[in-house]
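*Asks:* give me the fold of what follows.
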Amino acid sequence: MPSTPVIYWLRQDFRLNDNPALFHAAKEGQPVIFLYIFDDSSYDWQLGEASRWWLHEGLTAFDNAIFARFGARLVLKKGEPLAILQTLIKETNAGALYWNRCYEPYYIKRDHQIKLLLKEQNIKVHSFNGALLKEPWEVLNQSKQPFKVFTPFWRALQNQIIRDIYPLPKSILPGPKVDSLPLEKLYLLPSLPWYASLANQWQPGEKTAQDKLKHFLKYNISDYKTARDYPAQAHTSKLSPHLHFGEISPVQIWHAAKSIQSKTASHDSDITHFLSELAWREFSTHQLYHFPELPNTAFKTAFNKFPWKKNTAHVKAWQKGLTGYPIVDAGMRELWHTGWMHNRVRMIVASFLIKHLMQPWQEGERWFWDTLVDADLANNAASWQWVAGSGADAAPYFRIFNPVIQGQKFDPDGTYVKKWVPELQGLTPKDIHAPWTASDAALKQANIVLGKTYPSPLVEHAIARERALAAYQKIRK
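*Replies:* Here you go, the predicted model:
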């Protein structure tokens, strides 16, 4: 009797270890068709350019991994998923479909429709949680409502039992040969090869993610709670893009960190703080699940009437790292060249765009979506609304970062600024975060002409701060 293959639909779970859908697909003992569909449907949040580059490289890494381990190849398709799945099921006589769940609003709606229609055709459809520590409907307050404040959410999450790690399938029979698009036909890489600099910074893939986690927990977890705020220091894990594409799971990170914590008390507070950052990712995804308009609309509706001062020239200067505030410009240039930005600096540049330049938070959200390799709809939306003061458990709007003080405090020697804003390398630590206050002699010695070799500030901090606070008072009334 011929075997009946099953389909494993790869989405945001580019790994073999701790992969619930793949584990259960393999458990059937039938041949497995590894499928990836590039859904090019028209919807608001198609992948940004940096994410498309990562996807291109991630697909290559995953294909190589399944070939090396199981002798299987990844089938690539492009188009409307339901039609592709129905055609593939008919061609191969596949009897079941397995996937790990996605939590973006478009994907939830799409997957629900696919599951209903395929079940009507007697196709077994199995979906699993491979992306979160707990499902959004599993962590609720005493009123069975979603948490809107992080601290009680984090407390509740710590009281939950986190599932065990799924083992790597011992063996998988490759499915029947199926027509597959060449990777290049997905047209993921942009026409302008700006992404070459990303390849110098990142290596997508499950092995890289695992190696990074081990290195971080061994060498960089010490003083994490404090040192993570200093952008010139290597005290962040840089696991965020690997997490987004599922090259490593939050469950793997949780258990790896907890294992170290159980063996030594020396890094207890650092590990707890690291896990709380993982929980912020979880909190954001739960927020998006329960409040699907989060990427587009202010969670606190009063902010929808905020009197923004839309200014295309200011937005462009911010995007290019030409605001005249060195810590802001360093962050924006790091983003452009690496597809990533240090978390402390993300808060500074976001605060500057929203509160100094009075530009809508959605402008920054869209730019980050396009340029971050770790662009995640939930994290991105929740983080921008947090800085704006419009989100759940957001920072108060009146908390306005002074970019000069932030630079002096978290980049005291100017090491970070000098790396990304090299035209300021000749300035001393005293002057580098506010070059407009430097003496003429200091500027001349550093070969800096304000307004020419480096821009003068777009706005004056004190004036911008008062303008932002006055606008905030308007919506409060």
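*Asks:* switch to C-alpha atoms for all contacts and neighbour counts from now on
*Replies:* Fine.
*Asks:* output the lowest mean pLDDT helix or strand found in this structure.
*Replies:* Within the chain, no helix or strand scores below helix 196-201, which has a mean of 90 by mean pLDDT, DSSP states H and E.
*Asks:* buried residues, that helix. List them.
*Replies:* Neighbour-count burial for helix 196-201 flags L198 (criterion: 16 or more other CA atoms under 10 Å).
*Asks:* can you show me the CA trace of that helix as PDB?
*Replies:* Only the C-alpha atoms of helix 196-201 are listed here, as PDB (Å, rounded to 0.1, in the frame of the first residue of the first chain):
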ATOM      1  CA  ALA A 196      25.700  43.600   1.300                       C
ATOM      2  CA  SER A 197      26.500  45.200   4.600                       C
ATOM      3  CA  LEU A 198      23.900  43.100   6.300                       C
ATOM      4  CA  ALA A 199      25.700  39.900   5.100                       C
ATOM      5  CA  ASN A 200      28.800  41.200   6.900                       C
ATOM      6  CA  GLN A 201      26.900  41.500  10.200                       C
END
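*Asks:* other SSEs contacting that helix?
*Replies:* helix 326-338 (3 or more CA pairs under 8 Å, 6 or more residues apart in numbering; DSSP states H and E).
*Asks:* repeat that for 10 Å
*Replies:* Contacts defined by 3 or more CA pairs under 10 Å, 6 or more residues apart in numbering; DSSP states H and E place helix 196-201 against helix 49-70, helix 326-338.
*Asks:* can you give me the offset of the longest one from its chain's centre?
*Replies:* Which is helix 49-70. In terms of CA atoms, centre = their mean, to the nearest Å, the centre of helix 49-70 is found 18 Å from the chain centre.
*Asks:* quick check: mean pLDDT of that helix?
*Replies:* Helix 49-70 shows a mean pLDDT of 97.
*Asks:* one more: stretch 425-440?
*Replies:* 97.
*Asks:* cool, stretch 100-110 as well?
*Replies:* On average, stretch 100-110 scores 97.
*Asks:* other residues contacting it?
*Replies:* With contacts defined as CA atoms under 10 Å, 6 or more residues apart in numbering, stretch 100-110 is touched by 8-13, 19-22, 43-45, 80-82, 111, 113-114, 126-132, 135-136, 285-286, 288-293, 376-378.
*Asks:* now, those residues that are in helices?
*Replies:* 20-22, 81-82, 111, 113-114, 285-286, 288-290, 377-378 (DSSP state H).
*Asks:* buried deepest among the helices and strands packed on helix 196-201, which one?
*Replies:* Sort these by mean neighbour count, taking mean count of other CA atoms under 10 Å, and helix 326-338 sits at the top with a mean of 24.
*Asks:* may I see the buried residues of the helix or strand just after it?
*Replies:* Counting by DSSP states H and E, the element after helix 326-338 in chain order, helix or strand, is helix 343-351. Going by neighbour count (16+ other CA under 10 Å), the buried part of helix 343-351 is 345-351.
*Asks:* how about stretch 216-232?
*Replies:* Neighbour-count burial for stretch 216-232 flags 216-217, 220-222, 224-225, 227-232 (criterion: 16+ other CA under 10 Å).
*Asks:* do the same with stretch 363-378
*Replies:* So, applying 16+ other CA under 10 Å, buried residues of stretch 363-378: 363-366, 368-378.
*Asks:* just the ones of those in helices?
*Replies:* Those of these lying in helices (DSSP H): 363-366, 368-371, 377-378.
*Asks:* just checking: what are the partner strands of the helix or strand encompassing L97?
*Replies:* Assigned by DSSP H and E, L97 belongs to strand 96-100. Using DSSP bridges, the strands paired with strand 96-100 are strand 6-10 (parallel), strand 124-128 (parallel).
*Asks:* let me know which of those strands is the nearest to L88.
*Replies:* strand 6-10 (9.0 Å; CA to CA).
*Asks:* pLDDT on that closest one, on average?
*Replies:* pLDDT averaged over strand 6-10 gives 98.
*Asks:* ok, now stretch 117-127?
*Replies:* 96.
*Asks:* got the contact list for that stretch?
*Replies:* 6-9, 20-21, 24-25, 82, 85-86, 89, 93-102, 111, 114-116.
*Asks:* just the buried residues of it, please?
*Replies:* Neighbour counts using 16+ other CA under 10 Å place 118, 123, 125-127 of stretch 117-127 among the buried residues.
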